[in-house]
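> got a predicted structure plus its sequence, pasted below:
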Amino acid sequence: MPRVEQDGPVWIITLDRPARRNAIDRATADALFQAFSAFDADPGASVAVLCGDGSDFCAGADLQAIAAGDPNRVLPVEPGNPGPLGPTRLVLDKPVIAAIEGHAVAGGLELAAWADLRVAGETATFGVYCRRYGVPLIDGGTARLPALIGLSRAMDLVLTGRAVPASEALAIGLVNRVVPAGQARAAAIALAHEIAAFPQACLRADRRAARRGTPLGLEDALRFEYEQGLAVLGDAQAGAGRFVAGAR
């Protein structure tokens with residue numbers, strides 16, 4: 001389950017499954033959804049930092065659980081429904097910073113893209129690794145990656161599933177800051193406190209306006225992604241089985 005710490009107006013939410021590279025199973029997804037919902041509802045909270053325990057940020061959905069027949073929840077895109085990884089369909093009124101070390105791949109990349117800002121350690125790696133196993137992007141990746149880095153660069157990641165080092169992620173706008181390895185969490189917390197020190201009503205109004213300015217409304221984009229992904233999810237368990245069997 002994720003750990004939740006409060007540092008004044010900053011909440012630190014830590015994925016706590018290091019033995020699975022912080023891959024998210026159904027129970028963890030539900031707990032993450034509840035944690036971020038509580039953060040958004042807390043009048044004393046201003047900024048959240050999302051990070052992973054151990055050497056990785058998040059490897060996405062837990063393919064071992066999927067292979068065993070216990071997949072993440074995949075619900076229609078409707079108000080109140082969580083995403084497969086938990087908070088990825090929440091539209092919060094407060095900013096979230098992802099602190100990324102190690103791998104942020106597959107759904108872990110989608111989770112990072114859901115955040116407002118991304119601070120990465122210099123040895124971090126990104127990628128749509130789920131491409132290798134027939135698991136679709138269904139946590140907002142098809143909507144958010146083009147918005148972050150442009151359609152052409154997003155297609156490079158989505159179609160190839162290749163590994164992207166932190167230096168390239170910074171160059172293409174996938175991350176906002178790169179810091180020495182092992183310092184992403186501390187740097188993200190410091191940044192969160194800087195943001196929390198601003199007048200919050202104005203900051204949130206500008207944030208809401210910026211988020212509404214996308215060419216295709218986020219809800220419509222997420223709904224279309226859900227419909228497309230749902231049609232191929234039957235292949236995901238077989239792909240998860242290949243992963244468990246050692247295919248890389």
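Happy to help now that I have it.

> element containing the spatially closest residue to His103 that is not a sequence neighbour, please.
Computed as CB to CB, 6 or more residues apart in numbering, the closest residue to His103 that is not its neighbour in sequence is Asp56, at 4.5 Å. Every C-beta, even on glycine, is put in place using the N, C-alpha and C of the backbone. Take DSSP states H and E as the rule and Asp56 turns out to sit in neither a helix nor a strand.

> so Asp56 sits right up against Ala19, yeah?
No: using CB atoms under 8 Å, Asp56 is not in contact with Ala19, being 10.6 Å away.

> more neighbours, these two?
Between Asp56 and Ala19, counting by other CB atoms under 10 Å, Asp56 is the more crowded of the two (23 against 8).

> contacting residues for the residue nearest to Arg204 when sequence neighbours are not counted?
Distance criterion CB to CB, 6+ apart; nearest residue to Arg204, sequence neighbours excluded, is Asp93 at 5.6 Å. Residues counted as contacts of Asp93 (CB atoms under 8 Å, 6 or more residues apart in numbering) are 40, 204, 208.

> over to Gly44?
Pro9.

> distance check, it against Ala98.
22 Å (CB to CB, to the nearest Å).

> please apply the same query to Ala245.
According to CB to CB, Ala245 stands 31 Å off from Ala98.

> between those two, tell me which one has more neighbours.
Remark: of Ala245 and Ala98, Ala98 carries more neighbours, 27 against 8, as counted by other CB under 10 Å.

> average pLDDT for the helix or strand where the more buried one lies?
Counting by DSSP H and E, the element that carries Ala98 is strand 96-100. Throughout strand 96-100, pLDDT has a mean value of 99.

> the closest residue to Arg177 other than its chain neighbours: neighbour count?
Excluding its sequence neighbours, the residue lying closest to Arg177 (CB to CB, 6+ apart) is Val119, at 4.8 Å. Look at Val119: counted by other CB under 10 Å, it has 28 neighbours.

> just checking, what packs against whichever strand or helix holds Val119?
Assessed by DSSP H and E, Val119 sits inside strand 117-121. Contact partners of strand 117-121 among helices and strands, from 3 or more CB pairs under 8 Å, 6 or more residues apart in numbering; DSSP states H and E: strand 96-100, helix 166-171, strand 177-179, helix 184-196.

> before we move on, what SS does Gln228 have?
Classification of Gln228 using DSSP: H, G, I helix; E, B strand; the rest coil returns helix.

> so which of the contacts of Asp93 belong to helices?
40, 204, 208 (DSSP state H).

> for those residues, give me CSV that also has pLDDT and neighbour count.
Shown next, in CSV, are the ones in helices among the contacts of Asp93 (pLDDT from 0 to 100; neighbours: other CB atoms under 10 Å):
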residue, pLDDT, neighbour count
Asp40, 98, 17
Arg204, 93, 16
Arg208, 84, 12
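
> which stretches in the protein count as strands?
Secondary structure of the chain (DSSP state E): strands at 3-7, 10-15, 47-52, 96-100, 103-105, 117-121, 125-127, 164-165, 177-179.

> out of those, the one nearest Leu63 is which?
strand 103-105 (11.5 Å; CB to CB).

> quick one: distance of that closest one to the chain centre.
When distances are taken as CA atoms, centre = their mean, to the nearest Å, strand 103-105 is centred 9 Å away from the chain's centroid.

> for this protein, what helix or strand is lowest in average pLDDT?
helix 236-244 (a mean of 69; mean pLDDT, DSSP states H and E).

> distance from stretch 5-21 to the middle of the chain?
Stretch 5-21 sits 13 Å away from the centroid of its parent chain (CA atoms, centre = their mean).
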